[in-house]
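Trainee: I would like the atomic coordinates for the input below:
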Amino acid sequence: MRAFRGNGRPTLAELARAVDLPHATVLRFLQTLEEEGYAAREDSRWHLTPLVFELGFAAMESLGVTDTVQEILQKLADAYSGTSNLGEANPEGVIIIGRAMAPAERRRLVVMNLRVGSVLPPASALAGGLALAPGQWTRFDYPDSNQVSVAVPVPRAGSRLLSVGISVAAPEVEGNRLEADMVPALQQAAETIAGVIRVGVV
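Mentor: As a prediction, this is how the structure comes out:
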């Protein structure tokens with residue numbers, strides 16, 4: 001299914017090359033996906049159907065990213081006209097498991113093409129927030145894009161290492177708004193998210 005990312009309507013031959021499997025094997029996989037409603041074909045080309053979104057939603061649910069968590073992230077993004085992320089520790093840094101954008105951010109051309117499932121390196125605010133103690137926070141500046149990212153740990157999430165952060169335009173953190181307003185809002189969001197994930201609220 002990942003092979004559809006680079007080519008939304010590939011042929012059987014193109015998919016077989018992309019995944020390095022025999023044509024017959026790939027065809028069997030595709031026919032199974034077609035029978036279950038996840039893929040369809042038009043002439044010689046295949047495409048995924050909207051039913052695959054159900055898999056994504058189920059995966060997010062199993063990670064604790066419920067409607068409630070998504071609402072928390074959206075409120076953060078809207079309050080500071082930015083992009084908020086929920087991340088979980090990953091061998092390469094941190095993987096984004098929840099994401100929300102303010103309307104202004106959706107309209108702006110975003111150079112970094114990040115989405116749920118993207119991995120950020122250790123040298124990022126979201127990754128830096130993973131190992132912090134409750135009450136601490138981290139900041140990372142991106143001068144090239146005039147962006148600032150801030151993150152805090154999600155406390156008491158069991159054995160999981162989680163952090164929540166927000167990226168905003170640099171002018172949003174001028175004065176003492178960062179320490180006085182944004183960091184406390186992030187910490188409150190982290191506490192709420194921890195509670196939702198612990199009790200499994202949907």
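Trainee: the residue lying closest to residue 6 once chain neighbours are set aside sits in which helix or strand?
Mentor: Among residues not flanking residue 6 along the chain, residue 18 sits closest, at 7.3 Å (Cβ to Cβ, 6 or more residues apart in numbering). Yep, even glycine has a C-beta here, placed from its N, CA and C like the rest. Element membership of residue 18, judged by DSSP states H and E, is helix 12-19.
Trainee: how about the CA coordinates for that helix, as CSV?
Mentor: Output in CSV follows, covering the C-alpha atoms of helix 12-19 (Å, rounded to 0.1, in the frame of the first residue of the first chain):
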residue,chain,number,x,y,z
LEU,A,12,0.7,-4.0,-12.0
ALA,A,13,4.1,-3.9,-13.5
GLU,A,14,4.9,-0.6,-11.8
LEU,A,15,3.8,-1.9,-8.5
ALA,A,16,5.8,-5.1,-8.9
ARG,A,17,8.9,-3.1,-9.6
ALA,A,18,8.3,-0.7,-6.7
VAL,A,19,7.9,-3.6,-4.1
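Trainee: now the strands for this protein?
Mentor: 39-42, 45-48, 83-90, 93-101, 119-120, 138-142, 147-153, 162-169 (DSSP state E).
Trainee: what's the closest of the ones you listed to residue 12?
Mentor: strand 45-48 (7.1 Å; Cβ to Cβ).
Trainee: what residues of the closest one count as buried?
Mentor: 46, 48 (16 or more other Cβ atoms under 10 Å).
Trainee: which elements pack onto that strand?
Mentor: strand 39-42 (3 or more Cβ pairs under 8 Å, 6 or more residues apart in numbering; DSSP states H and E).
Trainee: what comes up buried for the strand it packs on?
Mentor: residue 39.
Trainee: how about stretch 25-35?
Mentor: Within stretch 25-35, the residues that qualify as buried are 26, 30, 33, counting by 16+ other Cβ under 10 Å.
Trainee: out of those, which comes closest to residue 168?
Mentor: residue 33 (40.0 Å).
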